[in-house]
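Visitor: Here is a sequence together with a model predicted from it:
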Amino acid sequence: MGDYLQPKTLEDALAALAAKPYVLLAGGTDLYPARVGRPFDDDVLDISRLDDLKGISEQDDHFRIGALTSWTELIAAGLPPMFDGLKLAAREVGGVQIQNAGTIAGNICNASPAADGVPPLLTLNAELELAASRGTSIVPVEKFIINNRQTRRAQDEIVTAIRVPRPSQPTTSTFLKLGARRYLVISIAMVAAVLERASDGTVAAARIAVGSCSAKAQRLRLLERALIGQPISPGLAAIAEPSHLSRLAPIDDVRGTAEYRLDAALTLVRRALARLGEDS
């Protein structure tokens, strides 16, 4: 094994990264499985003891989720309905042991097309705080993930938090996932949806994201625009059409064909809209 550091302050962690490249270790639920069967000789920077990167807080205009917050902690947090979709996704991240150890930011930085947390974060317009010795920057999750397993995180940067802006309207959300079995499964397709409700009971804003159907999760902006101004009811499901999924680029693999994935994604989108229409 290469060098192993476990700093106790963010400043020390950033100084180490500025000096040389390290593989970052948080919950380890992605790092260790990816190295099964080969020597673990990476230089590792274990950031799991950076307590300032843990916990959830409320600010005037946004919610702040520390990068080391676990999925279990998110599920237990008292958050408004806009986070229901993210919580539903959290319950799909492996088993309870994985949810206890895995971190929200780690799920994003892993940048898997099937990362359960990414579609709901896209629908929440979430942003990432990135810290480096040279300063701090804010990057939308949608721009942070470039492609399959590729992100914009520079070698000397650490994701310190996820920021979710407060919506101006009452907001509801949901998440649906299709897999070959009910639990502990990589998705065939998944959908997150958010609706903001106008005072007259119509859709003030909609955000829909589909995962596992492209190299990275995709927002369905054509459908989002079509939903604005529509009465919030289960009938919203009928608005979704195959053409609204034109940005998706699914592949054939052992879990399903591209054609099946598109059909499944459309079905999940319609179910998500029907669910939000019933709940509103």
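Guide: Sure thing, it's come through.
Visitor: Assumed L223 was part of a helix.
Guide: Yes - L223: assigned to a helix according to DSSP: H, G, I helix; E, B strand; the rest coil.
Visitor: what are the bridge partners for A205, then?
Guide: Bridge pairing for A205 (DSSP bridges) gives the partners E196.
Visitor: Tell me how far it lies from Y22.
Guide: Distance, A205 to Y22, by CB to CB, to the nearest Å: 40 Å. C-beta coordinates here come from the backbone N, C-alpha and C atoms, glycine included.
Visitor: residues in contact with the residue nearest to the spatial centre of the chain?
Guide: When CA atoms, centre = their mean is applied to the chain, the residue found nearest the centroid is V118 (2.1 Å). V118 sits next to N107, I108, V141, I145, A209, G211, K216, A217 when contact means CB atoms under 8 Å, 6 or more residues apart in numbering.
Visitor: how about a cut-off of 6 Å?
Guide: Shown in contact with V118 (CB atoms under 6 Å, 6 or more residues apart in numbering): G211, A217.
Visitor: next one: the one 4 residues further on
Guide: Applying CB under 6 Å, 6+ apart to L122 gives the contacts E142, A209, A217, R219.
Visitor: Which ones among these map onto helices?
Guide: Counting by DSSP state H, the contacts of L122 place E142 in helices.
Visitor: can you list the contacts of L122 in JSON lines and add pLDDT, neighbour count and distance to L176?
Guide: Putting the contacts of L122 into JSON lines (pLDDT from 0 to 100; neighbours: other CB atoms under 10 Å; distance: CB to CB, whole Å) gives the following:
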{"residue": "E142", "pLDDT": "97", "neighbour count": "17", "distance to L176": "20"}
{"residue": "A209", "pLDDT": "98", "neighbour count": "26", "distance to L176": "11"}
{"residue": "A217", "pLDDT": "98", "neighbour count": "30", "distance to L176": "14"}
{"residue": "R219", "pLDDT": "98", "neighbour count": "18", "distance to L176": "16"}
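Visitor: which one of the contacts of L122 is nearest L31?
Guide: A217 (21.4 Å; CB to CB).
Visitor: if we can go back for a sec, taking the contacts of L122 one by one, which sit in strands?
Guide: Counting by DSSP state E, the part of the contacts of L122 found in strands is A209, R219.
Visitor: buried ones in stretch 40-55?
Guide: Of the residues in stretch 40-55, D42, V44, L45, D46, I47, S48, L50, L53, K54 count as buried by neighbour count, 16 or more other CB atoms under 10 Å.
Visitor: Dump the C-alpha coordinates for it into PDB.
Guide: Extracted in PDB, the C-alpha atoms of stretch 40-55 (Å, rounded to 0.1, in the frame of the first residue of the first chain):
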ATOM      1  CA  PHE A  40      -4.100  -1.700  -3.100                       C
ATOM      2  CA  ASP A  41      -1.100   0.500  -3.700                       C
ATOM      3  CA  ASP A  42      -2.700   3.900  -4.000                       C
ATOM      4  CA  ASP A  43      -1.700   6.900  -1.800                       C
ATOM      5  CA  VAL A  44      -4.900   7.400   0.300                       C
ATOM      6  CA  LEU A  45      -6.200  10.500   2.000                       C
ATOM      7  CA  ASP A  46      -8.800   9.400   4.500                       C
ATOM      8  CA  ILE A  47     -11.100  12.400   5.100                       C
ATOM      9  CA  SER A  48     -13.600  10.400   7.300                       C
ATOM     10  CA  ARG A  49     -12.500  12.300  10.500                       C
ATOM     11  CA  LEU A  50     -13.200  15.800   9.100                       C
ATOM     12  CA  ASP A  51     -16.200  16.500  11.400                       C
ATOM     13  CA  ASP A  52     -16.900  19.900   9.800                       C
ATOM     14  CA  LEU A  53     -18.000  18.000   6.600                       C
ATOM     15  CA  LYS A  54     -20.800  16.200   8.500                       C
ATOM     16  CA  GLY A  55     -24.400  17.100   9.200                       C
END
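Visitor: in this structure, which helix has the most residues?
Guide: helix 258-279.
Visitor: Tell me the helices and strands packed up against that helix.
Guide: Applying 3 or more CB pairs under 6 Å, 6 or more residues apart in numbering; DSSP states H and E, one finds that helix 258-279 contacts strand 171-178, strand 189-197.
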